[in-house]
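> Everything below, folded, please.
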Amino acid sequence: MKAAVVSSFDAAPRYEEFPVPKPDDEDEIVVDVVAAGLHPRVRSQANGSHYTSTDELPLVPGIDGVGRDADGQLRYFVLPDTAMGSMAEQTVIDTRRSVVLPADTDPVAVAAAMNPAMSSWVALRQRVVFRPGQNVMVLGATGNAGRMAVQVVKLFGAGQIIAAARGADRLPALVALGATDTVPLDGDPRSVAERLGRAAAEVDVVIDYLWGEPTAAAMAAVVTGRADEGRPLTWIEIGSVAGPTAAIPSAALRAARLQIVGSGQGSVSAREIVAELPGLAEEITKGTFDVDARPTPLRDVERAWADAGRTARRIVITP
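Residues are numbered from 1 along each chain as shown. This is a model prediction of the structure:
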(Lines give C-alpha, C1' and ligand atoms only; values in the text may rest on other atoms or scores of the structure.)
Protein backbone atom coordinates (compact mmCIF):
# COMPACT_ATOMS: atom_id res chain seq x y z
CA MET A 1 0.00 0.00 0.00
CA LYS A 2 1.00 3.66 -0.30
CA ALA A 3 1.82 5.75 2.75
CA ALA A 4 3.62 8.87 3.91
CA VAL A 5 6.89 7.42 5.20
CA VAL A 6 9.36 9.15 7.52
CA SER A 7 12.84 7.69 7.06
CA SER A 8 14.75 10.58 8.64
CA PHE A 9 13.70 13.07 11.30
CA ASP A 10 15.26 15.93 9.35
CA ALA A 11 13.26 15.36 6.15
CA ALA A 12 9.58 15.48 5.20
CA PRO A 13 7.67 12.21 4.74
CA ARG A 14 7.70 10.74 1.25
CA TYR A 15 4.96 8.98 -0.70
CA GLU A 16 6.20 5.40 -0.77
CA GLU A 17 5.23 1.77 -0.50
CA PHE A 18 4.77 0.48 3.05
CA PRO A 19 3.73 -2.95 4.36
CA VAL A 20 0.00 -3.47 4.85
CA PRO A 21 -0.66 -3.36 8.62
CA LYS A 22 -2.08 -6.33 10.51
CA PRO A 23 -4.07 -6.38 13.75
CA ASP A 24 -2.35 -7.83 16.82
CA ASP A 25 -5.29 -7.81 19.21
CA GLU A 26 -8.95 -8.90 19.13
CA ASP A 27 -10.06 -5.26 19.56
CA GLU A 28 -8.00 -4.10 16.58
CA ILE A 29 -9.23 -3.84 13.00
CA VAL A 30 -7.84 -2.58 9.71
CA VAL A 31 -9.62 0.44 8.24
CA ASP A 32 -9.35 2.21 4.91
CA VAL A 33 -8.22 5.71 5.81
CA VAL A 34 -10.49 8.41 4.40
CA ALA A 35 -8.97 11.51 5.99
CA ALA A 36 -6.15 12.33 8.42
CA GLY A 37 -5.31 15.76 9.81
CA LEU A 38 -1.84 17.27 9.50
CA HIS A 39 -1.76 18.72 13.01
CA PRO A 40 1.25 20.37 14.71
CA ARG A 41 1.37 17.28 16.92
CA VAL A 42 1.84 15.17 13.76
CA ARG A 43 4.70 17.34 12.55
CA SER A 44 6.48 17.03 15.90
CA GLN A 45 5.92 13.27 15.72
CA ALA A 46 7.51 13.20 12.27
CA ASN A 47 10.57 15.24 13.25
CA GLY A 48 11.11 13.37 16.52
CA SER A 49 10.68 16.44 18.74
CA HIS A 50 7.48 15.45 20.56
CA TYR A 51 7.94 14.39 24.17
CA THR A 52 6.42 10.97 23.38
CA SER A 53 8.86 10.25 20.52
CA THR A 54 10.53 6.82 20.65
CA ASP A 55 13.00 7.60 17.81
CA GLU A 56 11.66 4.58 15.90
CA LEU A 57 12.15 4.73 12.13
CA PRO A 58 10.75 4.28 9.59
CA LEU A 59 7.34 5.50 10.67
CA VAL A 60 4.06 6.57 9.15
CA PRO A 61 2.91 9.81 10.81
CA GLY A 62 -0.63 10.60 11.85
CA ILE A 63 -2.28 10.39 15.25
CA ASP A 64 -5.96 10.28 14.34
CA GLY A 65 -8.31 10.28 11.40
CA VAL A 66 -11.49 9.01 9.82
CA GLY A 67 -11.54 5.50 8.38
CA ARG A 68 -14.04 3.09 6.86
CA ASP A 69 -14.28 -0.34 8.45
CA ALA A 70 -15.15 -3.66 6.82
CA ASP A 71 -18.85 -3.06 7.47
CA GLY A 72 -18.77 0.24 5.61
CA GLN A 73 -19.05 2.38 8.75
CA LEU A 74 -17.15 5.62 9.10
CA ARG A 75 -15.14 5.78 12.33
CA TYR A 76 -13.20 8.59 13.90
CA PHE A 77 -10.21 7.05 15.66
CA VAL A 78 -7.33 8.07 17.89
CA LEU A 79 -4.13 6.07 17.60
CA PRO A 80 -1.76 5.12 20.42
CA ASP A 81 1.93 5.99 20.15
CA THR A 82 2.78 3.88 17.13
CA ALA A 83 4.98 3.81 14.04
CA MET A 84 1.89 2.89 11.98
CA GLY A 85 0.05 6.21 11.82
CA SER A 86 -2.98 7.37 9.87
CA MET A 87 -1.33 8.89 6.79
CA ALA A 88 -1.61 5.76 4.71
CA GLU A 89 -4.16 3.99 2.59
CA GLN A 90 -4.86 1.69 5.53
CA THR A 91 -4.06 1.59 9.23
CA VAL A 92 -4.84 -0.47 12.31
CA ILE A 93 -7.16 1.02 14.92
CA ASP A 94 -8.37 -0.11 18.32
CA THR A 95 -12.18 0.00 18.19
CA ARG A 96 -12.20 1.05 21.85
CA ARG A 97 -10.44 4.26 20.80
CA SER A 98 -12.91 5.09 18.05
CA VAL A 99 -16.44 6.35 17.57
CA VAL A 100 -18.84 5.43 14.75
CA LEU A 101 -19.93 8.48 12.75
CA PRO A 102 -23.20 9.10 10.88
CA ALA A 103 -23.10 7.97 7.27
CA ASP A 104 -23.49 11.55 5.97
CA THR A 105 -20.55 12.88 7.99
CA ASP A 106 -18.02 15.09 6.22
CA PRO A 107 -14.82 13.12 7.00
CA VAL A 108 -12.54 16.03 6.06
CA ALA A 109 -14.26 18.34 8.55
CA VAL A 110 -14.05 15.75 11.31
CA ALA A 111 -10.39 14.97 10.60
CA ALA A 112 -9.57 18.69 10.55
CA ALA A 113 -11.47 19.70 13.67
CA MET A 114 -11.33 16.86 16.19
CA ASN A 115 -7.70 17.23 17.22
CA PRO A 116 -7.55 21.04 17.60
CA ALA A 117 -10.99 21.19 19.24
CA MET A 118 -10.16 18.30 21.55
CA SER A 119 -7.37 20.26 23.22
CA SER A 120 -9.70 22.81 24.81
CA TRP A 121 -12.73 20.49 25.03
CA VAL A 122 -10.85 17.84 27.01
CA ALA A 123 -9.07 20.42 29.16
CA LEU A 124 -12.37 21.99 30.26
CA ARG A 125 -14.07 18.61 30.74
CA GLN A 126 -11.29 16.60 32.33
CA ARG A 127 -8.64 18.89 33.83
CA VAL A 128 -10.67 21.65 35.51
CA VAL A 129 -14.18 22.27 36.78
CA PHE A 130 -15.56 24.78 34.29
CA ARG A 131 -18.84 26.52 35.02
CA PRO A 132 -21.08 28.39 32.55
CA GLY A 133 -20.71 32.13 32.96
CA GLN A 134 -17.00 32.05 33.73
CA ASN A 135 -14.80 34.45 31.79
CA VAL A 136 -12.13 32.93 29.54
CA MET A 137 -9.07 34.21 27.72
CA VAL A 138 -7.65 32.18 24.83
CA LEU A 139 -3.95 32.96 24.47
CA GLY A 140 -2.86 32.20 20.92
CA ALA A 141 -6.39 32.47 19.56
CA THR A 142 -5.63 32.83 15.86
CA GLY A 143 -4.16 29.35 15.39
CA ASN A 144 -6.38 26.40 14.49
CA ALA A 145 -6.62 25.17 18.09
CA GLY A 146 -7.16 28.71 19.36
CA ARG A 147 -9.97 29.34 16.86
CA MET A 148 -11.63 26.12 17.93
CA ALA A 149 -11.14 26.99 21.62
CA VAL A 150 -13.07 30.25 21.16
CA GLN A 151 -15.95 28.24 19.71
CA VAL A 152 -15.73 25.50 22.35
CA VAL A 153 -15.90 27.91 25.30
CA LYS A 154 -18.83 29.68 23.64
CA LEU A 155 -20.62 26.33 23.35
CA PHE A 156 -19.84 25.62 27.02
CA GLY A 157 -21.50 28.87 28.07
CA ALA A 158 -18.57 31.16 28.86
CA GLY A 159 -19.40 34.72 29.89
CA GLN A 160 -16.70 36.94 28.43
CA ILE A 161 -14.38 35.40 25.80
CA ILE A 162 -11.16 37.33 25.24
CA ALA A 163 -9.15 36.29 22.19
CA ALA A 164 -5.47 37.29 22.44
CA ALA A 165 -2.83 36.70 19.76
CA ARG A 166 -0.31 38.25 17.44
CA GLY A 167 -1.57 39.40 14.08
CA ALA A 168 -4.12 42.13 14.76
CA ASP A 169 -5.53 41.76 11.25
CA ARG A 170 -6.70 38.20 12.05
CA LEU A 171 -8.37 38.96 15.38
CA PRO A 172 -11.63 40.54 14.08
CA ALA A 173 -12.64 37.22 12.49
CA LEU A 174 -12.76 35.68 15.98
CA VAL A 175 -15.61 37.98 17.01
CA ALA A 176 -17.85 36.15 14.55
CA LEU A 177 -16.83 32.89 16.22
CA GLY A 178 -17.81 34.06 19.70
CA ALA A 179 -15.08 36.32 21.08
CA THR A 180 -16.47 39.27 23.04
CA ASP A 181 -13.15 41.13 23.02
CA THR A 182 -9.78 40.84 21.30
CA VAL A 183 -6.28 41.76 22.45
CA PRO A 184 -3.42 42.06 19.94
CA LEU A 185 -0.11 40.87 21.38
CA ASP A 186 1.90 42.86 18.83
CA GLY A 187 3.93 45.92 19.81
CA ASP A 188 6.11 46.92 22.70
CA PRO A 189 5.74 44.83 25.89
CA ARG A 190 4.45 47.71 28.02
CA SER A 191 1.58 48.46 25.64
CA VAL A 192 0.70 44.76 25.40
CA ALA A 193 0.66 44.48 29.20
CA GLU A 194 -1.62 47.49 29.48
CA ARG A 195 -4.03 46.02 26.94
CA LEU A 196 -4.09 42.67 28.73
CA GLY A 197 -4.53 44.34 32.11
CA ARG A 198 -7.57 46.22 30.87
CA ALA A 199 -9.24 43.44 28.92
CA ALA A 200 -8.37 40.24 30.78
CA ALA A 201 -7.81 41.13 34.42
CA GLU A 202 -11.09 39.57 35.50
CA VAL A 203 -10.90 36.29 33.61
CA ASP A 204 -11.43 33.04 35.50
CA VAL A 205 -9.72 30.68 33.04
CA VAL A 206 -6.88 31.11 30.55
CA ILE A 207 -6.43 28.56 27.76
CA ASP A 208 -2.80 28.94 26.76
CA TYR A 209 -1.35 27.72 23.45
CA LEU A 210 1.75 29.95 23.59
CA TRP A 211 3.81 29.50 26.78
CA GLY A 212 7.32 30.98 26.64
CA GLU A 213 7.91 34.71 27.12
CA PRO A 214 4.39 35.78 26.02
CA THR A 215 2.84 33.68 28.78
CA ALA A 216 5.15 35.04 31.47
CA ALA A 217 4.30 38.60 30.43
CA ALA A 218 0.59 37.91 30.12
CA MET A 219 0.41 36.20 33.49
CA ALA A 220 2.06 39.14 35.23
CA ALA A 221 -0.27 41.59 33.47
CA VAL A 222 -3.44 39.68 34.31
CA VAL A 223 -2.52 39.04 37.94
CA THR A 224 -1.45 42.61 38.70
CA GLY A 225 -4.54 44.02 37.03
CA ARG A 226 -7.08 42.08 39.11
CA ALA A 227 -9.36 44.14 41.34
CA ASP A 228 -9.95 41.13 43.60
CA GLU A 229 -6.70 39.33 44.28
CA GLY A 230 -8.62 36.47 45.89
CA ARG A 231 -10.61 35.69 42.75
CA PRO A 232 -9.47 32.23 41.55
CA LEU A 233 -7.59 32.10 38.25
CA THR A 234 -6.91 28.82 36.47
CA TRP A 235 -4.21 28.88 33.79
CA ILE A 236 -4.40 25.83 31.49
CA GLU A 237 -1.16 25.17 29.60
CA ILE A 238 -1.88 23.25 26.39
CA GLY A 239 0.62 24.37 23.75
CA SER A 240 4.09 25.89 23.58
CA VAL A 241 4.40 27.48 20.15
CA ALA A 242 6.23 30.49 21.64
CA GLY A 243 8.74 28.44 23.63
CA PRO A 244 9.10 25.33 25.80
CA THR A 245 9.89 27.24 29.00
CA ALA A 246 8.41 30.31 30.67
CA ALA A 247 9.98 32.45 33.41
CA ILE A 248 6.94 32.69 35.68
CA PRO A 249 7.35 35.53 38.20
CA SER A 250 7.12 34.22 41.76
CA ALA A 251 4.94 37.15 42.76
CA ALA A 252 2.26 35.95 40.36
CA LEU A 253 1.91 32.77 42.40
CA ARG A 254 2.01 34.52 45.78
CA ALA A 255 -0.14 37.55 45.06
CA ALA A 256 -3.14 35.81 43.53
CA ARG A 257 -5.18 32.63 43.77
CA LEU A 258 -3.51 31.25 40.67
CA GLN A 259 -3.22 27.61 39.72
CA ILE A 260 -1.37 26.39 36.63
CA VAL A 261 -2.70 23.17 35.10
CA GLY A 262 -1.29 21.24 32.18
CA SER A 263 -3.51 19.38 29.75
CA GLY A 264 -2.24 16.89 27.21
CA GLN A 265 -1.20 13.34 26.55
CA GLY A 266 -0.26 11.90 29.94
CA SER A 267 -2.07 14.35 32.18
CA VAL A 268 -5.26 13.16 30.49
CA SER A 269 -5.61 9.40 30.14
CA ALA A 270 -6.62 7.62 26.94
CA ARG A 271 -9.81 6.51 28.68
CA GLU A 272 -10.70 10.12 29.55
CA ILE A 273 -10.00 11.29 26.00
CA VAL A 274 -12.09 8.52 24.47
CA ALA A 275 -14.98 9.41 26.79
CA GLU A 276 -15.14 12.85 25.17
CA LEU A 277 -15.01 11.71 21.55
CA PRO A 278 -18.74 11.06 20.95
CA GLY A 279 -19.90 14.46 22.20
CA LEU A 280 -17.28 16.39 20.27
CA ALA A 281 -17.79 14.36 17.09
CA GLU A 282 -21.53 15.02 17.32
CA GLU A 283 -21.02 18.79 17.51
CA ILE A 284 -18.63 18.81 14.54
CA THR A 285 -21.01 16.63 12.52
CA LYS A 286 -23.90 18.99 13.34
CA GLY A 287 -21.93 21.92 11.97
CA THR A 288 -21.60 23.65 15.33
CA PHE A 289 -18.05 24.81 14.57
CA ASP A 290 -16.58 26.79 11.72
CA VAL A 291 -13.92 24.48 10.26
CA ASP A 292 -11.29 25.77 7.84
CA ALA A 293 -9.86 22.68 6.14
CA ARG A 294 -7.80 22.05 3.01
CA PRO A 295 -7.95 18.48 1.68
CA THR A 296 -4.74 17.29 0.02
CA PRO A 297 -4.12 13.93 -1.69
CA LEU A 298 -1.72 11.55 0.04
CA ARG A 299 0.53 11.55 -3.02
CA ASP A 300 1.18 15.27 -2.41
CA VAL A 301 2.29 14.80 1.19
CA GLU A 302 5.70 16.44 0.66
CA ARG A 303 4.05 19.59 -0.66
CA ALA A 304 1.55 19.48 2.20
CA TRP A 305 4.41 19.34 4.70
CA ALA A 306 6.04 22.39 3.13
CA ASP A 307 2.75 24.29 3.19
CA ALA A 308 1.78 23.37 6.76
CA GLY A 309 3.79 26.13 8.39
CA ARG A 310 2.59 28.78 5.93
CA THR A 311 -1.18 28.35 6.00
CA ALA A 312 -3.74 28.97 8.73
CA ARG A 313 -5.98 26.30 7.23
CA ARG A 314 -5.81 22.79 8.64
CA ILE A 315 -4.41 20.47 5.97
CA VAL A 316 -6.16 17.10 5.75
CA ILE A 317 -4.49 14.21 3.93
CA THR A 318 -6.95 12.18 1.86
CA PRO A 319 -5.63 8.79 0.71
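
> Provide a list of residues in contact with the nearest residue to V42 once chain neighbours are set aside.
Spatial nearest neighbour of V42, chain neighbours left out: P61 (5.1 Å); criterion: C-beta to C-beta, 6 or more residues apart in numbering. Quick note: C-beta positions are derived from backbone N, CA and C, even for glycine. Contacts here follow C-beta atoms under 8 Å, 6 or more residues apart in numbering; on that basis P61 touches A4, V6, P13, V42, R43, Q45, A46, G85, S86, M87.

> 7 Å instead?
The contact partners of P61, by C-beta atoms under 7 Å, 6 or more residues apart in numbering, come to A4, V6, P13, V42, Q45, A46, G85, M87.

> how distant is stretch 155-171 from the center of its chain?
16 Å (C-alpha atoms, centre = their mean, to the nearest Å).

> nearest spatial neighbour of F9, skipping sequence neighbours?
Using C-beta to C-beta, 6+ apart and skipping the chain neighbours, the partner closest in space to F9 is G48 (3.8 Å).

> give me the number of residues near the one you found?
When neighbours are counted by other C-beta atoms under 10 Å, G48 registers 16.

> and it, how far is that from S191?
38 Å (C-beta to C-beta, to the nearest Å).

> same question, G67
Taking C-beta to C-beta, one finds G67 at 48 Å from S191.

> These two: which is more packed in?
Between G67 and S191, G67 has the larger neighbour count (other C-beta under 10 Å), namely 27 against 11.

> domains for the chain, by residue range?
Here the domain parsing of the chain from automatic domain parsing is 2-105+290-318, 116-262.

> Turn these into JSON lines, columns for mean pLDDT.
Putting the domains of the chain into JSON lines (pLDDT from 0 to 100) gives the following:
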{"stretch": "domain 2-105+290-318", "mean pLDDT": "91"}
{"stretch": "domain 116-262", "mean pLDDT": "92"}
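
> So which of these is nearest R271?
Closest to R271 of those, according to C-beta to C-beta: domain 2-105+290-318, at 9.0 Å.

> what's the span of that closest one, first residue to last?
Start-to-end span of domain 2-105+290-318 (C-alpha to C-alpha, to the nearest Å) is 12 Å.

> swap in stretch 45-64?
Terminal residues of stretch 45-64 lie 12 Å apart, using C-alpha to C-alpha.

> which ones are touching P295?
By C-beta under 7 Å, 6+ apart, the contact list for P295 reads V108, V316, T318.

> Could you verify that it is part of a helix?
No: under DSSP: H, G, I helix; E, B strand; the rest coil, P295 sits outside any helix and is assigned strand.

> where's it relative to P232, distance?
In this view, P295 and P232 are 43 Å apart by C-beta to C-beta.

> do V192 as well
Look at V192 and P232: by C-beta to C-beta, they are 24 Å apart.

> cool, and L59?
42 Å.
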